[in-house]
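A.B. asks: predicted model and sequence below, questions to follow.
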Amino acid sequence: MGLGRLPGECKIYDLHSDSSSSSQNPGSLQNFWRSAENLWVKPPTGAMTWAVSQAAPLRRITVQGDLNLYQIVDNGGNPTMAYASGGWMSDSYV
């Protein structure tokens, strides 16, 4: 979790939570108990991935780029969006 009063006071250049599986099901449905708060993020690829299930909040985050709340997985040679659910995002800018 970030330090300081504002997200810009703690800068991170790579923050992500990838899918826990290489298949569509369960995808990210096993990514529990992660959180990020009070951070400024500038992903090197231009997009931050936060593919999570429940109990995984993003609070007071500034993302300088895109934010993907799911992940594309191979799924046997057929690129597919993996399952993701839950999570919480508040007081954030993308």
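C.D. replies: That came in fine, so what should we check first? Residues are numbered from 1 along each chain as shown.

A.B. asks: CA only for contacts and neighbour counts going forward, please
C.D. replies: OK.

A.B. asks: quick one: residue 28 from residue 87, how far?
C.D. replies: Counting by Cα to Cα, to the nearest Å, the gap from residue 28 to residue 87 is 11 Å.

A.B. asks: the two - which one has more neighbours?
C.D. replies: residue 28 (27 against 20; other Cα atoms under 10 Å).

A.B. asks: hang on, the more buried one packs against residue 51?
C.D. replies: Yes - at 5.7 Å, residue 28 and residue 51 qualify as touching, with contact defined as Cα atoms under 8 Å.

A.B. asks: name the residues contacting each of these two.
C.D. replies: 18-19, 70, 84 (Cα atoms under 8 Å, 6 or more residues apart in numbering).

A.B. asks: show me which of these is closest to residue 36.
C.D. replies: Nearest to residue 36, judged by Cα to Cα, of the shared contacts of residue 28 and residue 51 is residue 18 at 14.0 Å.

A.B. asks: spatially nearest residue to that closest one (excluding sequence neighbours)?
C.D. replies: In space, and not counting its chain neighbours, residue 18 is closest to residue 51: 5.5 Å by Cα to Cα, 6 or more residues apart in numbering.

A.B. asks: so how far is residue 33 from that neighbour?
C.D. replies: Distance from residue 51 to residue 33, by Cα to Cα: 12 Å.

A.B. asks: just to revisit the earlier point, the residue nearest to residue 18: how many residues sit nearby?
C.D. replies: Residue 51, neighbours per other Cα under 10 Å, totals 28.

A.B. asks: and it, how far is that from residue 75?
C.D. replies: Residue 51 sits 16 Å away from residue 75, going by Cα to Cα.
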